[in-house]
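Student: my questions concern the predicted model and sequence given below.
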Amino acid sequence: MQRLIIHVDLDSFYASLEELRNTEIRGKPVVICVFSGRSAESGAVSTANYKARELGIRAGMPISLAKRLARNKDVVFLPYDIEHYRTVSERIMDLLEDEADALQQVSIDEAYLDVTKRSIGIWENAEKIAENIKNKIRQREGLTCSIGVGSNKLIAKMASKQKKPEGLTVVRNTEVKKFLENLPVSELHGIGDKTTKTLNQLGIRTVNELASFDLHILEEKFGKNKAKLLQNKAQGIDDSPVKHEEIQQISRIGTLKEDTDNLEIVFEKIKELSIDVEKKLRKKKALFRTISIITVDTTLKTQTKSRTTHQTDDLDSALDIARSLLEEFLEENLGKKLRRVGVRVSNLIFKEDQQPLRDLEKYFGKTTKNSS
DNA sequence: CGACGTGTAAC
DNA sequence: CCTTTTACACGTCG
């Protein structure tokens, strides 16, 4: 049967939510900010609504720059309220779950839906489902979204980007070739700055150039796996399934009030961040085996240190390990000051109730190496 | 092979 | 001036 995939992308999600709960700011440029706490205006823009984008304000840019672009204009700057956004996101994901054979949430405001079965592989049916989703999200949450429909996740994702906001774009198999050709490779989902540079050096600028490029040369630059992946992407080929993915790691990172190499100050920050990690760990009913510290120095270079032990859900005792890791780091990097620090748990194990992989495990227990 | 660390990418 | 969170691939080491 023809696989049919829908990609749903909520339009300037955070900003729209703020406009919804504050009638005063509706219709104005709205900028949602992550303040780092270093100085009154330090931090980055998380989301800019379309009015704000007209002024050149973009996600990721420093707040100070956004404020310069906003000078003399009536622009609303708000701190982000992730709790609220998550609450609404969960409601929308629940709604989407009802519309799909399988749902894969990819971020707080994005999801893939496999609708192959319920649309019996018929494009028009999938398009109806997409329209239905748009209506429901508007009626129930007052939000708009952009949707793409395609034969796989890659095409669906790129289709949803085509018309924004409030778009609905269907790219049928017969249209894939036209849809992709002459597109700069950087526009392909999954191809970022580094890969674009390397491709450009090979003289590859467009998607069709990539599709017909000698695979052996790509393999030299990228390795077998990535080379194949790149050429598949260039042809609109993507067999990855829409599947609900179990979370694999939980991390929190934060910015220090000032650059420092003081163990106590940094460790305090890590303790503070770990409260959040612990909360999420409890909510997910997960144990972990690995704890890491994440450091970002004054040059913005990121480094990690981690240690793996027995499984536990006791983050407090793991913090002792985090402290040791931090000590080691500071000893190995004398004179280096830190700007940001974080903590991460990974190698997660879920307690009972989920992961009913039971049959095999019940009979054979936990599979271990049999040293033959 | 598992553990560890880095790089790339997307949001 | 420069936020946050997650995933995944890959190299290296023991």
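Tutor: Sure, I can see it.
Student: which residues in the stretch 1-150 of chain A form helices?
Tutor: Ranges of helices in the stretch 1-150 of chain A, per DSSP state H, counting those that start in this stretch, are A:13-21, A:50-53, A:63-69, A:82-97, A:123-141.
Student: typo on my end, it should be the stretch 151-300 of chain A
Tutor: Using DSSP H, counting those that start in this stretch, helices in the stretch 151-300 of chain A cover A:153-162, A:173-180, A:193-201, A:207-211, A:215-222, A:224-234, A:263-283.
Student: ok, and the closest non-adjacent residue to A:Lys128?
Tutor: The shortest distance from A:Lys128 to any residue other than its chain neighbours is 7.8 Å, reached at A:Ser119 (CB to CB, 6 or more residues apart in numbering). Glycine gets a C-beta too; all of them are placed from N, C-alpha and C.
Student: touching, the one you found and A:Asn132? I think so.
Tutor: No - using CB atoms under 8 Å, A:Ser119 is not in contact with A:Asn132, being 11.2 Å away.
Student: can you pull the residues of the stretch 151-300 of chain A lying near DNA strand B?
Tutor: A:188-196, A:289-290, A:292 (CB under 7 Å from any atom of the strand).
Student: of those, select the buried ones using a ChimeraX command.
Tutor: Buried residues among those (16 or more other CB atoms under 10 Å), as a ChimeraX selection:
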select /A:188,191,195,196,289,290,292
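Student: what distance do you get for A:Val115 to A:His244?
Tutor: According to CB to CB, to the nearest Å, A:Val115 stands 15 Å off from A:His244.
Student: got the contact list for the residue nearest to A:Lys128?
Tutor: Contacts for A:Ser119 (CB atoms under 8 Å, 6 or more residues apart in numbering) come out as A:4, A:125-126, A:128-129.
Student: likewise for A:Gly342?
Tutor: Here A:Gly342 is in contact with A:251-254, A:270, A:273, A:293-296 (CB under 8 Å, 6+ apart).
Student: again, only this time at 6 Å
Tutor: A:251-253, A:294 (CB atoms under 6 Å, 6 or more residues apart in numbering).
Student: same thing with A:Phe288?
Tutor: Counted by CB under 6 Å, 6+ apart, A:Phe288 has contacts A:345, A:347-348.
Student: need the per-residue pLDDT for the nearest residue to it once chain neighbours are set aside.
Tutor: Distance criterion CB to CB, 6+ apart; nearest residue to A:Phe288, sequence neighbours excluded, is A:Val345 at 3.9 Å. You'll see A:Val345 listed with a pLDDT of 93.
Student: partners of A:Val345 in the sheet?
Tutor: A:Ile250, A:Ile291 (DSSP bridges).
Student: that one and DNA strand C, how far apart?
Tutor: From A:Val345 over to DNA strand C the distance is 9 Å, taken as CB to the nearest atom of the strand, to the nearest Å.
Student: next: A:Lys279.
Tutor: Following CB to the nearest atom of the strand, the distance that separates A:Lys279 from DNA strand C is 11 Å.
Student: farthest-apart pair in the residues of the stretch 151-300 of chain A next to DNA strand B, please.
Tutor: A:Thr196 and A:Arg289 (36.6 Å; CB to CB).
Student: got a list of what A:Glu90 touches?
Tutor: A:Glu90 neighbours (CB under 6 Å, 6+ apart): none.
Student: just the helices of the stretch 151-300 of chain A: most buried one?
Tutor: helix A:153-162 (a mean of 23; mean count of other CB atoms under 10 Å).
Student: contacts for that helix?
Tutor: A:5-7, A:9, A:112, A:146-148, A:150, A:169, A:171, A:189, A:236, A:238, A:240.
Student: nearest to DNA strand B among those?
Tutor: A:His189 (5.2 Å; CB to the nearest atom of the strand).
Student: in a markdown table: the helices of the stretch 151-300 of chain A, plus distance to A:Lys336 and mean pLDDT.
Tutor: Below are these laid out as a markdown table (distance: least, CB to CB, whole Å; pLDDT from 0 to 100):
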| stretch | distance to A:Lys336 | mean pLDDT |
| --- | --- | --- |
| helix A:153-162 | 39 | 93 |
| helix A:173-180 | 45 | 94 |
| helix A:193-201 | 25 | 88 |
| helix A:207-211 | 40 | 92 |
| helix A:215-222 | 32 | 87 |
| helix A:224-234 | 32 | 89 |
| helix A:263-283 | 12 | 91 |
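Student: burial count for the closest residue to A:Arg86 other than its chain neighbours?
Tutor: Nearest residue to A:Arg86, sequence neighbours excluded (CB to CB, 6+ apart): A:Ile108, at 6.6 Å. Neighbours of A:Ile108 under the rule other CB atoms under 10 Å: 17.
Student: quick check: residues of chain A near DNA strand C?
Tutor: When proximity is defined by CB under 7 Å from any atom of the strand, chain A lies next to DNA strand C at A:34, A:36, A:38, A:41-44, A:46, A:60, A:62-64, A:223-226, A:245, A:247-255, A:276, A:280, A:300, A:340, A:342, A:344.
Student: can I have the buried ones of those residues as a ChimeraX selection?
Tutor: To isolate the buried ones among the residues of chain A next to DNA strand C in ChimeraX, judged by 16+ other CB under 10 Å, type:
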select /A:34,36,43,44,46,63,250,251,252,253,255,340,342,344
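Student: and the residue of the stretch 251-372 of chain A closest to DNA strand B?
Tutor: Closest point on the stretch 251-372 of chain A to DNA strand B, by CB to the nearest atom of the strand, is A:Thr308, at 3.0 Å.
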